[in-house]
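Participant: sequence first, predicted model second:
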Amino acid sequence: MLTRTSFAARNLRRRPLRTGILVLSIGLLVSVLVFGLSFTQRVDSGIKRTSERLGADLLIVPTGARGFAEDILLENRVKTVYMDGSVLQRIRQVEGIEKVTPQTYLVTLSGLCCDVPDATIVAFNQESDFVVRPWLKEDVRGKLKPGEAIAGKESAFNIGVGLMEVDGVLFGKTFRIVGTLEKTGTGLDNAIFITDQNMEDILQKGKSEVKPGQISILFAKVKPGIDPYKVASRIEDTIIEVDVVARKDIGKGLLNNLRDIRTIFAVGVVLATLLSMILTWSVFSAIANERSREVGIMRALGARESYVARVFLTEVVIVGIAGSIVGIIFGTGLSVLLATSFSMLRNIPSDLVPLERVVVALVGLMGGLIVCAVGALSPLWALMKMEPLSAIKGE
Amino acid sequence: MRVTQIVLEKVSKTYVIDRETVVAVRDVSFGVESGEFLSMVGHSGSGKTTLLSMIGGIVRPSSGRIIVGGDEISSLNGKGLPDYRSSRIGFMFQFSSLLPVLTAKENVLLPLTFRSGKVSSSDESKAMDLLRMVGLADRINAYPFQLSGGQQRRVAIARAFVNDPAIVLADEPTGDLDEATEREMMQVFKIMNETKGITFILVTHNSDLAREAHRRFAMNRGSLASLDAQEKVSDLHN
């Protein structure tokens, strides 16, 4: 039986090349939209997720190393800075601080000090830690024993944890990797975690540049109801050896860069939208001209304006949906394939979650449909308002 | 007893083309009784198609009134006109008027599709019967490009009857047909007129066919004149 959809689909099949070009043009627009949104959303949500999962309100680093925290957490850059461990006690005494935990970072260089791929070794304090512990898997929730280590999700994959019992030599000391952390979506996924007692063993062997008593970073949590920024100012005012980064400021630099990139994408999308709209308008105008006699006949045989409009709109929707699907596949594929080509994305630890991908795809679909509908509006209006006899005579 | 089905009162239609007013139909008044078979002749551009289109409700008159079955169709709007066309009128155009993406059967069913949005199996049977009636029983699922010009005309003729119209407006419907088929189709029209009481207004260039109508008219520069009356006058003179 003839339905409106099959009628519209048959109309579109009359000129497969023209329909194909229109679908492709909508597809290109949607792919630009989907690619741009995936890119910016990935940076945006990567930073947000890292910040939210950190568990600490303040990151305290040696003076001048403000970017260090971001390098480690957001961009997976293997780096080390050190400060005197005595800072820990002074921070604990600052008004508004609830708890503080230190971490010390060492850099492995495969072949020189260690037999694992280049990674950051994170020494944490098991008693005060509140940053690493939430990510420990159930089977390693107990305390680490001397000579035991845990690998971040990515490090575990690189080392081959899970396939076999793995021992690794780190700075001349053999460690047994006893478990892995759950995926954190931060730079910590690329680290190997040991306790600070193990760290002392390494330092005694003199295989690392770190001196006893040094730490790299302090994670602090402020008391409930206290403004972290006020506590940060208080710390910086009283302890000149440290800089403080509030959790909410993590990734500010990246977000500033992202703003520019977003503007560039927006301009690109606007231009692509205009081009697609003009193409859609011209194609649907040609279709309207070509079919004016048929529409006149339909109207003469009793078709209402609304029926003609619905058939035409169904064609618009079919083209819009087909183009959008092409664009979503192409744009998503591009965003995945080119992710490693952009340093900003390469270093962002997490990818988009499925829900975000769905939202981006829906935005792409809506974009494709709206462009199609707007482009087809004026030809549709002209077709609907044509007097049947004029349409039949092609006047 | 026959009742007056169509009434035209001082109907005119003017167009403005390149700032020039062209009168297509000028002050036409006449009435048609239900079940009548009328023929209309005239040169190209004399206003025949425009007059037929106004009766069919696809062109609005510039002035005057058209009353069909008691309803003034020139005042119908919105859904009224499409419903009038799909339920009371059967159109036959002077050119191939099939939609190219639809099969012969689907083309025949179009007025019913427009009227109710869907077609029933009895509608489909009726469409096939009509295609059989015009000699296209074996071409039911053929697309227009698979049919000859004459076959396409016959599909259009079958389509004009599918909605059981009260009035068929036929604008040179047999133009592309050979003489034998033309006569055959004329027989179909006459049978439908006599058995179903369908009112016919047939525009034709074929004076022999025109002569078979109950009444004959001629259009000339937008004005309508009865040929029967002229012939009577002419007979009296002779």
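Facilitator: The structure has been received and is ready for your questions.

Participant: now do the helices in the chain.
Facilitator: Here I'm looking at chain A. A:4-13, A:16-53, A:66-73, A:87-92, A:153-159, A:196-204, A:228-238, A:252-290, A:292-300, A:305-337, A:343-346, A:354-385, A:388-393 (DSSP state H).

Participant: not quite, go with chain B.
Facilitator: Going by DSSP H, chain B shows helices at B:48-55, B:80-88, B:104-116, B:121-133, B:149-161, B:179-196, B:207-211, B:227-237.

Participant: tabulate the helices of chain A in JSON lines, adding columns for mean pLDDT.
Facilitator: JSON lines is the format used below for the helices of chain A (pLDDT from 0 to 100):
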{"stretch": "helix A:4-13", "mean pLDDT": "90"}
{"stretch": "helix A:16-53", "mean pLDDT": "84"}
{"stretch": "helix A:66-73", "mean pLDDT": "72"}
{"stretch": "helix A:87-92", "mean pLDDT": "90"}
{"stretch": "helix A:153-159", "mean pLDDT": "70"}
{"stretch": "helix A:196-204", "mean pLDDT": "76"}
{"stretch": "helix A:228-238", "mean pLDDT": "90"}
{"stretch": "helix A:252-290", "mean pLDDT": "83"}
{"stretch": "helix A:292-300", "mean pLDDT": "90"}
{"stretch": "helix A:305-337", "mean pLDDT": "91"}
{"stretch": "helix A:343-346", "mean pLDDT": "60"}
{"stretch": "helix A:354-385", "mean pLDDT": "90"}
{"stretch": "helix A:388-393", "mean pLDDT": "81"}
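
Participant: wait, B:Arg153 sits on B:Glu172?
Facilitator: No. Checked against Cβ atoms under 8 Å, the pair B:Arg153 and B:Glu172 is beyond contact range at 9.8 Å. C-beta: built from backbone N, CA, C; applies to glycine.

Participant: for the residue nearest the centre of chain B, give me its contacts.
Facilitator: Nearest to the centroid of the C-alpha atoms of chain B, with distances taken as Cα atoms, centre = their mean, sits B:Leu169, at 1.3 Å. B:Leu169 makes contact with B:52, B:55-56, B:89-92, B:201 under the criterion Cβ atoms under 8 Å, 6 or more residues apart in numbering or on different chains.

Participant: one step back: winner for burial among the helices of chain A?
Facilitator: Sort the helices of chain A by mean neighbour count, taking mean count of other Cβ atoms under 10 Å in any protein chain shown, and helix A:292-300 sits at the top with a mean of 23.

Participant: quick one: that helix near chain B?
Facilitator: Yes. Applying Cβ under 8 Å from any Cβ of the partner chain, one finds helix A:292-300 touching chain B at A:294, A:296-300.

Participant: run a quick neighbour tally on the residue lying closest to B:Ile140 once chain neighbours are set aside.
Facilitator: Take B:Ile140 and drop its neighbours on the chain: the residue closest to it by Cβ to Cβ, 6 or more residues apart in numbering or on different chains is B:Lys105, 4.8 Å away. Using other Cβ atoms under 10 Å in any protein chain shown, B:Lys105 has 21 other residues around it.

Participant: looking at the contacts of B:Leu169, spot the one nearest A:Ile47.
Facilitator: Distance to A:Ile47, by Cβ to Cβ, is smallest for B:Phe91 among the contacts of B:Leu169, at 66.9 Å.

Participant: what about the closest one, how many residues nearby?
Facilitator: Under the criterion other Cβ under 10 Å, the count of neighbours that B:Phe91 has is 27.

Participant: interface residues of chain A facing chain B?
Facilitator: Selection of chain A residues close to chain B by Cβ under 8 Å from any Cβ yields A:1-2, A:7, A:10-11, A:13-14, A:294, A:296-305, A:307, A:387-389, A:392.

Participant: from A:Thr314, how far out is A:Val308?
Facilitator: Going from A:Val308 to A:Thr314 by Cβ to Cβ, to the nearest Å gives 11 Å.

Participant: correction: the previous question concerned B:Gly42.
Facilitator: 41 Å.

Participant: A:Lys153 now?
Facilitator: For A:Lys153 relative to A:Thr314 (Cβ to Cβ), the value is 48 Å.

Participant: do A:Ile150 as well
Facilitator: From A:Ile150 to A:Thr314 the distance is 58 Å (Cβ to Cβ).

Participant: who touches A:Ile26 in this structure?
Facilitator: Counting by Cβ under 8 Å, 6+ apart, the residues that A:Ile26 touches are A:276, A:280, A:319-320, A:322-324, A:326-327, A:368, A:371-372.

Participant: kindly apply the preceding question to A:Thr80 instead.
Facilitator: A:Thr80 sits next to A:105-107, A:120, A:209-210, A:216 when contact means Cβ under 8 Å, 6+ apart.
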